[in-house]
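**Q** Turn this into a model:
(2 chains)
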Amino acid sequence: MVYDMLIPSIPVIVGYLSTFILFRRGLIRKSLHVNIWNFVIGVAFLISGGAGFLLMVLMEIGVKLPISPQLLYWHIELGITLALVTVFHFHTYWKTSRTMFGLKRRPRI
Amino acid sequence: MKERLISALASIPIVAAMTMSGACAATCPYGMVNDPYPGQCSRYIDINVDGICDFSQATATASDQGASTTYSDPQSSENSGSAGFDVHLEDGNNVSSLHDDGFAFDNGQVHSDGTGYFILPVSILLISAYLFTHYLFSKGIINRQRHRRFWNLFVTAGYLGTGVTGVLLIFIINLGVRTVLNPNITFLHAELAILMVVGTMIHIHLYWKPFKKIFKVLFNLKSYSNKKKHEKVPRLSE
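**A** Numbers count the residues shown, from 1 in each chain, chains lettered A, B, ... in the order given. All right, here's what the predicted structure looks like:
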């Protein structure tokens, strides 16, 4: 079994660039662009994180469901999406992120 | 008292791992049957060199002591069913050279069957820490910005760690790489995932208003109180 890395990543990259360009050209509001990607990160987290957490709990209690291999597959595929969208999330909230990491320059007095 | 409780909870998975039998550890934790090379997870192990993960086989043989062993190329057997070429190895030493030394760490004695991930202790610890900082914030001991920054850093660490180890695991699985570090990376991935999941819940709680706004903006969903307000107050544009 080999996992696809391009299928879950290319649509996300193209989608983010599309909404970003549309927002920069003033065709859509910033709130729409931001909320679309907040929603995507939420869904990716829910599926990937949820499946992963469920698998871990099942392993802890020693239960093997027939859908466990499928859960593992979707956990990984959506995990790739989640990793990418997390990067975009930092890009969207870059100003806040800079402050959080202490990278923001303080104005000279 | 709380520390005692946490240490007692933390010791449960260790005791479970120590008392775990070898037969229990030698089954696929995901319930997969005849999982071919390179396997669906980083626990792929193939002692009998038949190109199928031993954990996923009902009768996996764990003996590589024999003088003659048949080796089927996993890649070719994946592509053409079981029609892989056979290589007969006469020397037992050569057989052992097919496996890396890390096998001993990857034989499912500690982590491979899922026990020892400390879900409860780590989750309880994180939630307790959040409740503590939330209490400090509500009492005015720490400000909102510091409180948020602290938990944002935690959730970032969780995402970064889970993401990096996850991508690393995909490469390990896709390329069929087997190293001593495989079970450690899986363990680290699972532990950081707990931090990520609990951290995300905390993140949503910290940013509850922007979270609700997602549904308002995308699906035009408004809460009952807001709807009533809009019904009462006439729009300025009208």
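**Q** What strand or helix carries residue A:70?
**A** helix A:68-92 (DSSP states H and E).
**Q** List the buried residues in that helix.
**A** A:68-69, A:71-86, A:88-90, A:92 (16 or more other Cβ atoms under 10 Å in any protein chain shown). Just so you know, the C-beta spots here come from the backbone N, C-alpha and C atoms, and that holds for glycine as well.
**Q** same check, this time on stretch A:23-36
**A** Result for stretch A:23-36 [16+ other Cβ under 10 Å]: buried residues A:23, A:28, A:31, A:33-36.
**Q** Just the ones of these in strands?
**A** Assigned to strands by DSSP state E, none of those qualify.
**Q** out of the residues you listed, which touch chain B?
**A** Of the residues in the buried residues of stretch A:23-36, proximity to chain B by Cβ under 8 Å from any Cβ of the partner chain holds for A:31, A:35-36.
**Q** nearest to chain B, of the residues you listed?
**A** Using Cβ to the nearest Cβ, residue A:35 comes nearest to chain B of these, at 4.3 Å.
**Q** so what's that closest one closest to, chain neighbours aside?
**A** Of all residues beyond its chain neighbours, the one nearest residue A:35 is residue B:217 (4.3 Å), with distances taken as Cβ to Cβ, 6 or more residues apart in numbering or on different chains.
**Q** same question, residue B:134
**A** Counting by Cβ to Cβ, 6+ apart, residue B:134 lies nearest to residue B:147, which is 7.2 Å off, once chain neighbours are set aside.
**Q** State the phi and psi torsions of that neighbour.
**A** Main-chain dihedrals, residue B:147, degrees, to the nearest 10: phi -60, psi -50.
**Q** Go ahead and confirm it touches residue B:137.
**A** Yes - applying Cβ atoms under 8 Å, one finds residue B:147 in contact with residue B:137, separated by 4.2 Å.
**Q** which regions of chain B sit below the pLDDT cut-off?
**A** Residues of chain B that meet the criterion pLDDT under 70 lie in B:1-26, B:38, B:40, B:42-43, B:58-115, B:221-238.
**Q** Could I get the full set of strands for it?
**A** According to DSSP E, the strands that chain B contains are B:69-72, B:86-89.
**Q** contacting residues for the residue nearest to residue B:165 when sequence neighbours are not counted?
**A** Once flanking residues are discounted, residue B:165 sits nearest to residue B:189: 4.0 Å by Cβ to Cβ, 6+ apart. Counting by Cβ atoms under 8 Å, 6 or more residues apart in numbering or on different chains, residue B:189 makes contact with B:161-162, B:165-166, B:169.
**Q** Serialize the residues you listed to JSON lines and add fields for neighbour count.
**A** Converted to JSON lines, these look like this (neighbours: other Cβ atoms under 10 Å in any protein chain shown):
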{"residue": "B:161", "neighbour count": "17"}
{"residue": "B:162", "neighbour count": "28"}
{"residue": "B:165", "neighbour count": "20"}
{"residue": "B:166", "neighbour count": "22"}
{"residue": "B:169", "neighbour count": "20"}
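**Q** which SSE is the closest residue to chain B within chain A in?
**A** The nearest approach of chain A to chain B comes at residue A:59, 2.4 Å away (Cβ to the nearest Cβ). For residue A:59, the host element (DSSP H and E) is helix A:50-61.
**Q** can you pull the buried residues of that helix?
**A** For helix A:50-61, a neighbour-count test (16+ other Cβ under 10 Å) marks A:51-53, A:55-56, A:58-60 as buried.
**Q** Distance from it to the middle of the chain?
**A** Between the centre of helix A:50-61 and the centre of its chain there are 20 Å (Cα atoms, centre = their mean, to the nearest Å).
**Q** cool, and stretch A:74-89?
**A** Relative to the chain's own centre, stretch A:74-89 is displaced by 4 Å; criterion: Cα atoms, centre = their mean.
**Q** Can it be said to contact chain B?
**A** Yes - residues of stretch A:74-89 contacting chain B under Cβ under 8 Å from any Cβ: A:76, A:79-80, A:82-83, A:86.
**Q** Around chain B, which positions in chain A sit nearby?
**A** Within chain A, the positions near chain B by Cβ under 8 Å from any Cβ are A:1-3, A:5, A:31-32, A:35-36, A:38-39, A:42, A:45, A:49, A:52-53, A:55-60, A:62, A:64-66, A:68-69, A:71-73, A:76, A:79-80, A:82-83, A:86, A:96, A:99-100.
**Q** Hmm, residue B:203 and residue B:148 touching each other?
**A** No - here residue B:148 does not reach residue B:203: they are 9.1 Å apart, not a contact under Cβ under 8 Å.
**Q** Just list the residues touching the residue nearest to residue B:134, thanks.
**A** By Cβ under 8 Å, 6+ apart, the contact set of residue B:147 is B:133-134, B:136-137, B:206.
**Q** what sits against the nearest residue to residue A:44 once chain neighbours are set aside?
**A** In this structure, residue A:44 finds its nearest non-sequential neighbour in residue A:82, 4.1 Å apart by Cβ to Cβ, 6+ apart. The neighbourhood of residue A:82, defined by Cβ under 8 Å, 6+ apart, consists of A:41, A:44-45, A:48-49, B:163.
**Q** With that, I have no additional questions.
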